[in-house]
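Peer 1: Return a 3D structure for these sequence lines:
(2 chains)
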Amino acid sequence: MFEGIAPALAALVNSQVIGFVILGSIIGLVAGILPGLGNIQAMAVALPFTFGMDRLTAIYFLSAICASATYGGAIPAILVNIPGTPANAATTIEGYPMAKRGEGSRALSISATASALGGLIGIASLVVSIPIVKPVVLLFGPPETFMLVLLGMVTIAYAVQQNMIRGLAAAGVGVLLSLVGFSSVTGVFRFPLGSSQYLWDGIQDVAFLTGIFGLSEAIRSGMEARKGVTVAEIEHVGFQGAWQGVKDVFLYPWTLVRSSVVGIIVGIAPGVGGSVSNVVAYAMTAQISKDPMIGKGSIEGLIAAESSNNATYGGDAVPTLAFGIPGSAAMAVLMAGLTLHGIPVGPWLMREHMEIVWVVVFGLVAGTIFSCFVGFLIARWLARITTMPMGLVMPVIVVLILAGSFAVRQNYWDVLVTIGSGVFGFFLVSHGYSLLPVIIGFLLAGSAELAFVQALYISEGSPLIFFKSPVSLILLLSSIAVALYPVLKGRLLEQERRHEKAA
Amino acid sequence: MIYPVRFSFAALASISILLGVYQGAMAQPAKTPALPSTINFVIPYIPGTGADIQTRVVARFLPKYLPGSPTFVVKNDAGAGGRAGVQTVYRSKPDGSTIGGAYTPDALANEALYGIEGAGFDFSKFHLSASTYHQPYTTSVGPKVPYKTLDDLKKAGKPVPFCATTGMDMSYIVIQTRAIGIPMRLIPGFKGAPTAMAGLLRGDCEAVSFGIEFTNRYLKDGARPVAVFSSDRQTLWPNVPTSKEQGYNLELEISLVYFLPPGTSAELTSVFRDAQAKLYRDNEFLEAVKAAGFTPTYADAKRTQQLVSSLSGLFSKYASDLKEAAAKTQ
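Peer 2: Numbering: from 1, shown residues only, chains lettered A, B, ... in the order given. Have a look, this model is predicted:
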């Protein structure tokens, strides 16, 4: 297991490699900040530039890009309510309210610390799983993946508890939106709306999320600006605010560990990634947290969202390095990078090239630590964006949103989807609907349906397949517990009140 | 006064000069068409796939064989079940600024399933430049199933479950099971060949069908080859009998074909064809392809056209079966 660790570490202390790790982290960070771009695009663009590098330097460079974009995506999510990547969707729910009340620097710092720790826990899981990696990868088939996604879906119970009918309606809309497009398990092109091709791949995550979060907020801010309302009142933008954020994360160790574990499991499961873990971990925390600020700028909620999505990379890397199964699109590009440098990825990688596995591990660690450290250092300056006049900031944000939406596929229809989602999001919020159930439905329902139907194909229609494996059963029991928790908590509180009255 | 001898000499000299100029002009190569400084290399696959990796290696080395050494930008246009990228090339200006690459079965299956109008392109109108990665398809079974031959699968007595992606493996599963008479049911929706292979090893299905090089990576983990769909035994698997040896004369091959937009001039097409012919003799390039885990085969435009025509005939023959399978599960 530890063979190959020495050459990997020896390469990392080389000044040239350190330089490329820093450069890669900055590239990933910037790509994450820009809506529509992420580590996939950044790595794909950077790939040709690695041809002149030796293979270890190139892999360090690409791994650093891979690890740093998700934290980058938290920055616009917190400051301007635009998830920089789909894996930062839930981050907006707690991060943006914090920024609005003048705690942008603290929120950025919480995000940086939670991202770094979550990322390190995820990578530690990769290292620990190396000796048992094959059985771990094969643990997750369609029934287990369905149960995992179900665990996320039941958190809708939390999201709708304030207003059941509105919440379920919003979740239903999210589910319906996720079903648009060609189904690879039923062969049906659903809700094509007259298009023969555009909606084939469904509604694009980036176009939808930047619209429903970012553009809807821009519309709302524009409306309020007309009424003379300014942006955030400035409170803690100094270094103290940032340092407070670091300390905050250590106040919630259980939330950090639990959310990171969710991220790791989601990463190992095929076909689901950071966008799912971010929502699942956040919603689970929201469901069981006692923090009254949940949904209104909660530190605990922000820790859950940001530790889980970064931990997912460790989980993603397990099937990628062990089996050649890319755990996510970003890992697929990293695989391409390895292959182009003469290291074909497959089940033999851990048998024959352990030094490469360690280079990826150290590259992910270095990228995570460096990007989060930079994020921490610049948090107090970045937070000042929220104090700038709305008239200056909003046009830039709207341009970034629309350009980001277009950049992913260079498709003008995606821009229209963003505008439509923005108007839809504005309508929902202004009529008292929460965006969380919409997002849970939209991000999870597609994966749930695929895994559910695949499982039934395997069992020839028998639902017993969902109860056969221990992993599946554990996940099912967890789902039941998470779903029942708010009900039981409510009853317990009611009983306590009665006892108090009686006393 | 005219001096006949001098005139004759002058006349001969003039004719010789004119002839020389003419011959010189004839001997000069035709003017090489200018290429744009940036060329888009469009592939209908996401980054990290086998086709993407091979195309990136080609994009890295091909410029030195093209006039002006243009820069290649690989564009992954993977939408609409692989149709989007091929359509992008189909609609591109035929000025040398765009070249496409796709697995032949993928492109032709889209045409067979949706017709020219539905697919959005007529593959026969592309100008093929070359093809590579020629390899036979194979069928393998999981570690815990008893089947050893195609006949065992045929006599399974129940539909044999095949794990499938939405790509070319599904088309080839349908074709081979229909041609041989293997009862089959598809377990579709696996995202990528490695995920389907993990499904086989986990026991989600009993069989898979992929190219020989890819399948070879998973033999140590338990995948067991049953047949290679070619007429000759393969050096990679010398002990695995071919479909022909097992009594089924069915050849299923994939290749990665490179093509230029319809309307590309013969001169421009020649430039790309010549460059690719030289590329596949470049040892540095061939070593880079091998290092990436692929065998760098090469077929020129004429041979590629034959392969495409032959495969097109196969897909036409089984079009109704493919449509039926796609209507149920793609």
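Peer 1: what about dumping the CA coordinates of stretch A:163-171 to PDB?
Peer 2: The C-alpha coordinates for stretch A:163-171 follow below in PDB (Å, rounded to 0.1, in the frame of the first residue of the first chain):
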ATOM      1  CA  ASN A 163     -45.900  24.800   4.700                       C
ATOM      2  CA  MET A 164     -46.600  21.300   3.600                       C
ATOM      3  CA  ILE A 165     -48.700  22.000   0.600                       C
ATOM      4  CA  ARG A 166     -46.500  24.700  -0.900                       C
ATOM      5  CA  GLY A 167     -43.400  22.600  -0.100                       C
ATOM      6  CA  LEU A 168     -44.700  19.500  -1.700                       C
ATOM      7  CA  ALA A 169     -45.800  21.500  -4.700                       C
ATOM      8  CA  ALA A 170     -42.400  23.000  -5.100                       C
ATOM      9  CA  ALA A 171     -40.700  19.600  -4.700                       C
END
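Peer 1: Spell out which residues of the stretch 401-503 of chain A are next to chain B.
Peer 2: A:409, A:450, A:453, A:454, A:457, A:458, A:460 (CB under 8 Å from any CB of the partner chain). For glycine as for every other residue, the C-beta is placed from the backbone atoms N, C-alpha and C.
Peer 1: Pick out the most distant pair among these.
Peer 2: Greatest spatial distance in those: A:409 and A:460, 37.7 Å, computed using CB to CB.
Peer 1: roughly how far apart are residue B:291 and residue A:61?
Peer 2: Distance, residue B:291 to residue A:61, by CB to CB, to the nearest Å: 18 Å.
Peer 1: just to revisit the earlier point, higher neighbour count, residue A:409 and residue A:460?
Peer 2: Each of residue A:409 and residue A:460 has its neighbours counted (other CB atoms under 10 Å in any protein chain shown); residue A:409 has more, 19 against 11.
Peer 1: Let me know whether the more buried one touches residue B:79 as I believe.
Peer 2: Yes - using CB atoms under 8 Å, residue A:409 makes contact with residue B:79 at a distance of 6.8 Å.
Peer 1: who touches stretch B:192-199?
Peer 2: Outside stretch B:192-199, the residues that touch it by CB atoms under 8 Å, 6 or more residues apart in numbering or on different chains are A:137-138, A:141, A:270-271, A:319, A:323-326, A:346, B:49, B:163-165, B:167, B:169, B:187, B:190, B:205, B:208, B:210, B:214-215, B:218, B:223.
Peer 1: swap in stretch A:132-143?
Peer 2: The contact list for stretch A:132-143 (CB under 8 Å, 6+ apart) reads A:129, A:148, A:268-270, A:318-319, A:321-323, A:325, A:347, A:350, A:450-452, A:454-455, A:458, A:465-466, A:468-469, A:471-472, B:198-199, B:201-202, B:204, B:221.
Peer 1: Tell me the buried residues within these.
Peer 2: Neighbour counting with 16 or more other CB atoms under 10 Å in any protein chain shown marks A:129, A:148, A:268-270, A:318-319, A:321-323, A:325, A:347, A:350, A:450-452, A:454-455, A:458, A:465-466, A:469, A:471-472, B:198-199, B:201-202, B:204, B:221 as buried within the contacts of stretch A:132-143.
Peer 1: Of those, which belong to strands?
Peer 2: The strands, defined by DSSP state E, take in nothing from the buried ones among the contacts of stretch A:132-143.
Peer 1: touching chain A at all, stretch B:147-158?
Peer 2: No - Stretch B:147-158 lies out of reach of chain A by CB under 8 Å from any CB, never closer than 9.9 Å.
Peer 1: Then stretch B:53-63?
Peer 2: Yes - using CB under 8 Å from any CB, stretch B:53-63 reaches chain A at B:53, B:56, B:57, B:59, B:60.
Peer 1: Tell me who's in contact with the third one.
Peer 2: If a contact means CB under 8 Å, 6+ apart, then residue B:57 has A:340, B:285, B:288, B:289, B:292 as its contacts.
Peer 1: mind checking how far the fourth one is from chain A?
Peer 2: Read it as residue B:289. If you measure residue B:289 against chain A using CB to the nearest CB, to the nearest Å, the figure is 10 Å.
Peer 1: residues touching that residue, list them.
Peer 2: Shown in contact with residue B:289 (CB under 8 Å, 6+ apart): B:54, B:57, B:295, B:296.
Peer 1: For burial, what's the neighbour tally of the last one?
Peer 2: So the one you mean is residue B:296. The number of residues packed near residue B:296 is 19, by other CB under 10 Å.
Peer 1: Are we agreed that it is in a helix?
Peer 2: No - judged by DSSP: H, G, I helix; E, B strand; the rest coil, residue B:296 forms no part of a helix; its state is coil.
Peer 1: Against residue A:337, how distant is it?
Peer 2: 20 Å.
Peer 1: got it, and the first one?
Peer 2: Distance of residue B:54 to residue A:337, given as CB to CB: 14 Å.
Peer 1: who's more crowded, these two?
Peer 2: Taking other CB under 10 Å, residue B:54 and residue A:337 do not tie; residue A:337 has more neighbours (29 against 23).
Peer 1: Which of the helices or strands spans the residue lying closest to the more buried one once chain neighbours are set aside?
Peer 2: What sits nearest to residue A:337 in space, not counting adjacent residues and going by CB to CB, 6 or more residues apart in numbering or on different chains, is residue A:62, at 4.4 Å. Assessed by DSSP states H and E, residue A:62 sits inside helix A:55-80.
Peer 1: Which pLDDT does the model give the residue nearest to residue A:337?
Peer 2: Residue A:62 carries a pLDDT score of 92 in this model.
Peer 1: I figured it hits residue A:48, correct?
Peer 2: No - if you go by CB under 8 Å, residue A:62 and residue A:48 don't touch, sitting 11.8 Å apart.
Peer 1: Where do the helices of the stretch 51-200 of chain A begin and end?
Peer 2: Assigned by DSSP state H, counting those that start in this stretch, the stretch 51-200 of chain A shows helices spanning A:55-80, A:89-100, A:104-129, A:133-138, A:142-153, A:156-159, A:164-178.
Peer 1: Now tabulate those in TSV and tack on distance to residue B:311.
Peer 2: Formatted as TSV, these follow (distance: least, CB to CB, whole Å):
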stretch	distance to residue B:311
helix A:55-80	36
helix A:89-100	43
helix A:104-129	42
helix A:133-138	34
helix A:142-153	32
helix A:156-159	48
helix A:164-178	36
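Peer 1: and those, which is most packed in?
Peer 2: When these are scored by mean count of other CB atoms under 10 Å in any protein chain shown, the highest mean neighbour count falls to helix A:55-80 (a mean of 30).
Peer 1: Residue A:3: neighbour count?
Peer 2: Counted with other CB under 10 Å, the neighbours of residue A:3 add up to 10.
Peer 1: thought it was touching residue A:354?
Peer 2: Yes - if you go by CB under 8 Å, residue A:3 and residue A:354 touch, sitting 5.0 Å apart.
Peer 1: Would you mind saying which of the helices of the stretch 51-200 of chain A lies nearest residue B:312?
Peer 2: Across the helices of the stretch 51-200 of chain A, closest to residue B:312 is helix A:142-153 (CB to CB), at 34.6 Å.
Peer 1: In the chain, where is pLDDT below threshold?
Peer 2: Defaulting to chain A. Along chain A, segments meeting pLDDT under 70 span A:1-2, A:157-162, A:225-239, A:271, A:346-348.
Peer 1: ah, I was thinking of chain B
Peer 2: B:1-31, B:328-330.
Peer 1: now the strands: where do they sit in it?
Peer 2: Counting by DSSP E, the strands of chain B are B:38-43, B:71-76, B:98-103, B:127-141, B:160-163, B:184-187, B:207-211, B:224-228, B:253-260.
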